[in-house]
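J.: sequence and predicted structure are below.
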Amino acid sequence: MHHMTLAEIARGLADKKFSSEELTKVLLARIAQLNPQINSFISVTEELALSQAKAADARRANGESGALLGAPIAHKDLFCTQGIRTSCGSKMLDNFKAPYDATVVAKLAAAGAVTLGKTNMDEFAMGSANESSYYGPVKNPWNLEHVPGGSSGGSAAAVAARLLPAATATDTGGSIRQPAAFTNLTGLKPTYGRVSRWGMIAYASSLDQGGPLARTAEDCAILLQGMAGFDPNDSTSIDEPVPDYSASLSGSLQGLRIGVPKEYFSAGLDPRIAELVHNSVKELEKLGAVVKQISLPNMQHAIPAYYVIAPAEASSNLSRFDGVRFGYRCENPENLIDLYKRSRGEGFGAEVQRRIMVGAYALSAGYYDAYYLKAQKIRRLVKNDFMAAFNEVDIILGPTTPNPAWKLGAKNSDPVAEYLEDVYTITANLAGLPGLSMPAGFIDGLPVGVQLLAPYFQEGRLLNVAHQYQLNTDWHTRTPTGF
Ligand code: GLN
């Protein structure tokens with residue numbers, strides 16, 4: 001049962017082959033049995049899951065239908081869940097039970113999804129390896145000595161290990177697409193503003209975006225359908241109608257113009273990944289697509305710009321964690337300043353403290369123009385590159401990551417080495433564009449992803465291209481041994 005995709009589960013439930021309650025019990029048992037190997041959950045919400053599953057079964061018995069009605073999922077542990085710990089992977093919020101549901105959580109619950117738990121993540125979503133979590137690192141089901149990617153490593157590892165068919169995640173600089181690539185999943189970062197950020201604990205508000213992680217593009221379409229839409233509670237949410245994403249999966253690729261940026265194939269890219277990317281291009285050409293070389297000349301400036309903007313916004317967003325209003329408070333503070341200092345010093349881990357310091361520095365009066373303002377200007381140049389490219393092509397294709405998943409601990413002593421791994425993903429966040437990573441092969445038993453980028457609100461196009469690719473390849477069907 002645990003091998004089924006969301007689409008297969010929806011058909012099985014509709015045909016009364018099994019109930020949501022039966023399926024939920026099977027998956028909860030699997031989580032209990034296998035999760036200790038990969039550490040992908042921070043909380044398992046067994047009681048909630050069983051009551052939601054029973055309620056979904058009752059709704060179906062009353063004639064209701066829907067692809068998510070009774071479908072088991074989990075939420076990255078930065079989506080607020082009412083009355084349930086919402087830790088953001090941090091000691092700071094270890095004791096925090098959210099007083100309300102995030103919009104994404106509420107929408108999926110209303111559609112009948114069953115929440116199995118809250119998934120592990122890098123602390124405050126800062127990282128690319130899921131090693132900065134207060135709850136310990138997540139292991140990659142494809143090789144337990146390797147990282148699953150981050151920051152949504154828990155969601156990715158859980159889905160890859162067939163503990164559940166799909167999960168929510170968030171992407172500030174690649175945290176949906178990069179773990180998808182490292183664990184052989186399909187992951188979609190929607191257009192900025194497509195999915196509400198209300199109740200999603202903020203890292204860098206102008207970059208953060210929620211989206212689906214699943215095994216197939218078809219399943220990403222189903223989960224995105226439940227997540228997307230205008231939300232008056234989020235002032236950056238966009239009031240555009242949500243298309244039927246599953247209906248977008250039938251388009252022909254005949255004549256589709258694919259742009260491959262020449263800057264993607266620089267010295268930093270593992271040549272074996274370059275080869276797999278070229279293979280995926282050939283596959284799409286067979287389906288009728290036309291390939292063209294393009295250029296994104298400002299790409300080289302994106303990492304330095306991102307690692308100014310994201311920490312700057314983080315330093316501001318994380319100022320609310322002061323030991324007074326939320327979460328962790330130090331023991332026996334001597335005075336108010338001591339309370340602030342020790343609560344933050346003890347509650348935040350090393351990477352979070354590093355980002356707060358970098359951000360506060362970049363925003364400080366004497367340096368604002370030199371760093372923050374300059375980074376914002378680069379951000380505009382990056383966006384302009386994409387706008388020019390999309391005048392010529394319909395999608396942009398390239399590697400999701402320069403290397404496959406590295407060994408646990410390999411980059412712990414060198415944060416910049418880890419930042420450099422985000423080179424292909426962060427530009428979409430800087431520009432606010434939608435991006436998808438799909439399975440495209442293996443290197444030494446570790447999965448490799450190919451990234452597709454499209455113009456604003458063309459999530460349907462990304463999902464269709466990935467779906468057509470998946471109808472003609474079988475990378476996405478491979479299962480890690482032992483799971
Ligand atoms: N690795 C990037 C960072 O650490 C992106 C993380 C994310 O997308 N949440 O900031």
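T.: Yep, that arrived.
J.: buried residues in the stretch of helix or strand residue 12 belongs to?
T.: For residue 12, the element it lies in under DSSP states H and E is helix 6-14. Residues 6, 7, 8, 9, 10, 12, 13 are the ones in helix 6-14 that count as buried (16 or more other Cβ atoms under 10 Å). (C-beta placed from N, C-alpha, C; glycine too.)
J.: counting by contacts, list what it packs against.
T.: Helices and strands touching helix 6-14, by 3 or more Cβ pairs under 8 Å, 6 or more residues apart in numbering; DSSP states H and E, are helix 20-38, helix 217-227.
J.: among these, which is nearest the ligand?
T.: The ligand lies closest, by Cβ to the nearest ligand atom, to one member of these: helix 217-227, at 16.6 Å.
J.: mean confidence for the helix holding residue 12?
T.: Averaging pLDDT along helix 6-14 yields 98.
J.: quick one, the helix or strand residue 57 falls within and helix 20-38 angle?
T.: For residue 57, the element it lies in under DSSP H and E is helix 46-61. Orientation check (axes from the mean of the first three to the mean of the last three Cα atoms, to 10 degrees): helix 46-61 against helix 20-38 gives 150 degrees.
J.: now do helix 46-61 and helix 6-14, the angle between them.
T.: Put simply, helix 46-61 runs at 60 degrees to helix 6-14, going by the same axes, to 10 degrees.
J.: which SSE is immediately downstream of helix 46-61?
T.: Next helix or strand after helix 46-61 toward the C-terminus (DSSP H and E): strand 72-76.
J.: show me what the helix or strand of the chain with the lowest mean pLDDT is packed up against.
T.: In the chain, no helix or strand scores lower on mean pLDDT, DSSP states H and E than helix 415-420, which sits at a mean of 92. Secondary-structure packing of helix 415-420 (3+ Cβ pairs under 8 Å, 6+ apart): helix 302-317.
J.: mind listing what's buried in the helix it packs on?
T.: 302-303, 305-317.
J.: of the residues you listed, which is the nearest to the ligand?
T.: Closest approach to the ligand among the buried residues of helix 302-317 (Cβ to the nearest ligand atom): residue 310, at 5.1 Å.
J.: leaving out sequence neighbours, find the closest residue to that closest one.
T.: Take residue 310 and drop its neighbours on the chain: the residue closest to it by Cβ to Cβ, 6 or more residues apart in numbering is residue 204, 4.2 Å away.
J.: residue 326 too?
T.: Leaving aside its chain neighbours, residue 326 sits nearest to residue 96 (6.1 Å; criterion: Cβ to Cβ, 6+ apart).
J.: about what we covered before: identify the residues contacting the helix holding residue 12?
T.: Residues outside helix 6-14 that contact it (Cβ atoms under 8 Å, 6 or more residues apart in numbering): 4, 18-20, 23, 60, 65, 67-72, 165-166, 214, 216, 218-219, 222-223.
J.: among the residues you listed, which ones are buried?
T.: 4, 19-20, 23, 60, 67-72, 165-166, 214, 216, 218-219, 222-223.
J.: filter those down to the ones near the ligand?
T.: With the criterion set as Cβ under 6 Å from any ligand atom, no member of these is near the ligand.
J.: wait, residue 449 sits on residue 435?
T.: No - here residue 449 does not reach residue 435: they are 10.8 Å apart, not a contact under Cβ atoms under 8 Å.
J.: okay, and the common contacts of those two?
T.: With Cβ under 8 Å, 6+ apart as the test, residue 449 and residue 435 both reach residue 177.
J.: middle-most residue in this protein, spatially?
T.: residue 176 (2.2 Å; Cα atoms, centre = their mean).
J.: measure that one to residue 402 for me?
T.: In this view, residue 176 and residue 402 are 18 Å apart by Cβ to Cβ, to the nearest Å.
J.: and residue 76, by the same measure?
T.: For residue 76, the distance to residue 402 equals 24 Å [Cβ to Cβ].
J.: which parts of the stretch 151-300 of the chain sit against the ligand?
T.: Residues of the stretch 151-300 of the chain lying close to the ligand by Cβ under 6 Å from any ligand atom are 151, 171, 172, 173, 174, 175, 203.
J.: and the residue lying closest to the second one once chain neighbours are set aside, bridged to which residues?
T.: Think residue 171. Of all residues beyond its chain neighbours, the one nearest residue 171 is residue 189 (3.8 Å), with distances taken as Cβ to Cβ, 6+ apart. Per DSSP bridges, residues listed as beta-bridge partners of residue 189: residue 435.
J.: where does the closest residue to the ligand within the stretch 351-483 of the chain fall, helix, sheet strand or coil?
T.: Using Cβ to the nearest ligand atom, the closest approach of the stretch 351-483 of the chain to the ligand is made by residue 422 at 4.8 Å. Assigned by DSSP: H, G, I helix; E, B strand; the rest coil, the conformation of residue 422 is coil.
J.: now do the helix or strand in which residue 383 is found, average pLDDT.
T.: Element membership for residue 383 (DSSP H and E) is helix 374-389. Helix 374-389 shows a mean pLDDT of 98.
J.: just the CA trace of it, in PDB.
T.: Output of helix 374-389 as PDB, limited to C-alpha atoms (Å, rounded to 0.1, in the frame of the first residue of the first chain):
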ATOM      1  CA  LYS A 374      23.700  46.600  -4.000                       C
ATOM      2  CA  ALA A 375      22.200  43.100  -3.500                       C
ATOM      3  CA  GLN A 376      18.800  44.400  -4.400                       C
ATOM      4  CA  LYS A 377      20.200  45.900  -7.600                       C
ATOM      5  CA  ILE A 378      21.700  42.600  -8.500                       C
ATOM      6  CA  ARG A 379      18.300  41.000  -7.800                       C
ATOM      7  CA  ARG A 380      16.800  43.200 -10.500                       C
ATOM      8  CA  LEU A 381      19.500  42.300 -13.000                       C
ATOM      9  CA  VAL A 382      18.900  38.600 -12.300                       C
ATOM     10  CA  LYS A 383      15.200  39.100 -13.000                       C
ATOM     11  CA  ASN A 384      15.800  41.100 -16.100                       C
ATOM     12  CA  ASP A 385      18.000  38.200 -17.500                       C
ATOM     13  CA  PHE A 386      15.100  35.900 -17.000                       C
ATOM     14  CA  MET A 387      12.600  38.300 -18.600                       C
ATOM     15  CA  ALA A 388      14.900  38.600 -21.700                       C
ATOM     16  CA  ALA A 389      15.300  34.800 -21.900                       C
END
